[in-house]
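Undergrad: got a sequence here, can you model it:
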Amino acid sequence: MKHFFMTILLALAVFSTPASAINVKVNADPGINDKAVISRIEHNLSALLTEINSAKDADRPLSYEGLNVSAAAKETLNTLWVVAHFYCCDDEVTDRLWNFRKSYMVRSIPLIIATDGAYGDGTYQEAVVEFDKTGNISDFRFSFGSQLGETLEKCSKGDPVDTERKLEILSWCDRLRTAYNEHNLPFMQKIFSDKALIITGRVVEETNREFGTSTQKIVYSKQNKRQYMRNLANCFKNNKWIDVQFDEVGIDGMDGGCGTVTRSDVNKNFYGVRLHQKWRSSNYSDDGYIFLLWNFTDNDKPQIEVRTWQPDMLNGKKLDTDEVFSLGDFNNDIMQVK
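TA: Numbering: from 1, shown residues only. The predicted structure follows:
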């Protein structure tokens, strides 16, 4: 009998063993000289990643007891966790610590999505974690690829203000992408301007009966914010999971160029961002290009004035770069296609 109880206790010990701690080391940008803050950032990120792995192993909700995580970051983590569990796939995480005016940022946290079919089980995904100036976690979201920040820095020709502004804009693109993944309709209501213009392209086949040939063309339709939100709500309702990914970022991103974010010459508060989007969901998938016209008149509450989507293939070929919407296609006053 004693041997039986010992066996049970050992089994329980095995199943209750917490996940191994994730060690975090950051390489701080110039200007981050407070070693105590750096240590706090490393400790807080390590604690969060360790808890994520423990919760995934135990198939339970995330616990924030003893963690220095803001309410906003908790809300995002909880919403993402309901849609799909994930975990850190490295025992040691070493990454750059970006230095901004109001925050610090680690941009390339390696994760694996691991929930019964959602997103495609085993999908690699990087995350962004932001920290306030005391080193506490203030934001968490899924991110673009790890090379993006370095590319922006190179293309900004060493101007730290320009680099920070472009990364700030792309951080909002990160949040937009995360909001699709977590079915966050309230965020969408806030981020899209009340006068937002939504343009969607679809491929139609045209047949020449005389010559027996056919060709494809793109036909465009427009929506206002109310229509887009209604359709988006139905999309969220009808799809158990949604995985939106952005790649090939920028006007010249398809060729490795530097046109990631373009500032308007008409209104300096407007920025255009052109992205390649991969949309995967439980009921539907597509690949295409999106263009976002961001209004940063209020830096803390930017809004999307224009969103376009076009298929990335036409007549069996990749859509020409010149045919993809960009900042030059829109008038900042009336937001209409030329």
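Undergrad: after the top helix by length along the chain, next one along is what?
TA: Longest helix in the chain by number of residues, with DSSP state H as the criterion: helix 35-58. As assigned by DSSP states H and E, the chain's next helix or strand after helix 35-58 is helix 71-83.
Undergrad: that following helix: what's the following helix or strand?
TA: Next element after helix 71-83 (DSSP H and E): strand 86-88.
Undergrad: each with direction, which strands does that next one pair with?
TA: Partners of strand 86-88 in the sheet, by DSSP bridges, are strand 104-115 (antiparallel).
Undergrad: got the angle for the strand it pairs with vs helix 71-83?
TA: 20 degrees (axes from the mean of the first three to the mean of the last three CA atoms, to 10 degrees).
Undergrad: strand 104-115: which residues count as buried?
TA: 104-115 (16 or more other CB atoms under 10 Å). C-beta: built from backbone N, CA, C; applies to glycine.
Undergrad: stretch 320-330 now?
TA: For stretch 320-330, burial by neighbour count (16+ other CB under 10 Å) applies to 321, 324-327, 329-330.
Undergrad: hang on, the earlier thing: among the buried residues of strand 104-115, which one lies nearest to residue 217?
TA: residue 113 (36.5 Å; CB to CB).
Undergrad: surely that closest one is in contact with residue 83?
TA: No. Taking contacts as CB atoms under 8 Å, residue 113 lies outside contact range of residue 83: 9.6 Å.
Undergrad: just to be sure, residue 176 is in a helix?
TA: Yes. Residue 176: assigned to a helix according to DSSP: H, G, I helix; E, B strand; the rest coil.
Undergrad: could you report the separation of it from residue 214?
TA: Here the criterion is CB to CB, to the nearest Å. By it, residue 176 lies 36 Å from residue 214.
Undergrad: mind checking which of these two has more residues around it?
TA: residue 176 (24 against 11; other CB atoms under 10 Å).
Undergrad: count of neighbours near residue 302?
TA: 18.
Undergrad: what pairs with the lengthiest strand in the chain, and is each one parallel or antiparallel?
TA: If you go by DSSP state E, the chain has its longest strand at strand 192-208. The pairing partners recorded for strand 192-208 under DSSP bridges are strand 213-223 (antiparallel), strand 303-311 (parallel).
Undergrad: from the chain's centroid, how far away is the shortest one?
TA: Relative to its chain's centre, strand 303-311 lies at 16 Å (CA atoms, centre = their mean, to the nearest Å).
Undergrad: ok, stretch 182-195 next?
TA: 15 Å.
Undergrad: and for stretch 30-48?
TA: 24 Å.
Undergrad: got the buried residues for that stretch?
TA: 32, 37-38, 40-42, 44-48.
Undergrad: quick check, nearest of these to residue 244?
TA: Distances from residue 244 to the buried residues of stretch 30-48, taken by CB to CB, are shortest for residue 48, at 23.3 Å.
Undergrad: let's have the buried residues of stretch 320-330 in CSV, adding distance to residue 26, pLDDT and secondary structure.
TA: Shown next, in CSV, are these (distance: CB to CB, whole Å; pLDDT from 0 to 100; DSSP: H, G, I helix; E, B strand; the rest coil):
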residue, distance to residue 26, pLDDT, secondary structure
321, 37, 80, helix
324, 37, 88, coil
325, 38, 90, coil
326, 36, 87, coil
327, 35, 85, helix
329, 41, 87, helix
330, 39, 85, strand
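Undergrad: now those as JSON lines including distance to residue 308?
TA: As requested, the buried residues of stretch 320-330 are arranged in JSON lines below (distance: CB to CB, whole Å):
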{"residue": "321", "distance to residue 308": "15"}
{"residue": "324", "distance to residue 308": "9"}
{"residue": "325", "distance to residue 308": "4"}
{"residue": "326", "distance to residue 308": "10"}
{"residue": "327", "distance to residue 308": "11"}
{"residue": "329", "distance to residue 308": "8"}
{"residue": "330", "distance to residue 308": "9"}
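Undergrad: looking at those residues, which is nearest residue 272?
TA: Nearest member of the buried residues of stretch 320-330 to residue 272, counting by CB to CB, is residue 327, at 3.3 Å.
Undergrad: for the closest one, which non-adjacent residue is spatially closest?
TA: Closest residue to residue 327 apart from its sequence neighbours, by CB to CB, 6 or more residues apart in numbering: residue 272 at 3.3 Å.
Undergrad: again, but for residue 273
TA: Residue 273 sits nearest to residue 292 (CB to CB, 6+ apart), 4.7 Å away.
Undergrad: any idea whether the one you found is helix, strand or coil?
TA: Remark: residue 292 carries the secondary structure label strand [criterion: three-state DSSP].
Undergrad: and for it, the neighbour number?
TA: 21.
Undergrad: I'd like the numbering to begin with 35 instead of 1 from here.
TA: Renumbered: residue one is now 35, and that last one reads residue 326.
Undergrad: so who does it touch?
TA: By CB atoms under 8 Å, 6 or more residues apart in numbering, the contact list for residue 326 reads 207, 210, 306-309, 338, 340-341.
Undergrad: show me the contacts for residue 115.
TA: 89, 95-96.
Undergrad: where does pLDDT dip in the stretch 85-234 of the chain?
TA: Low-confidence segments of the stretch 85-234 of the chain, defined by pLDDT under 70: 149-155, 178-197.
Undergrad: recalculate using a threshold of 90.
TA: Along the stretch 85-234 of the chain, the parts satisfying pLDDT under 90 run over 113-114, 116-119, 123, 134-136, 141-142, 147-160, 176-209, 211-212, 215-216.
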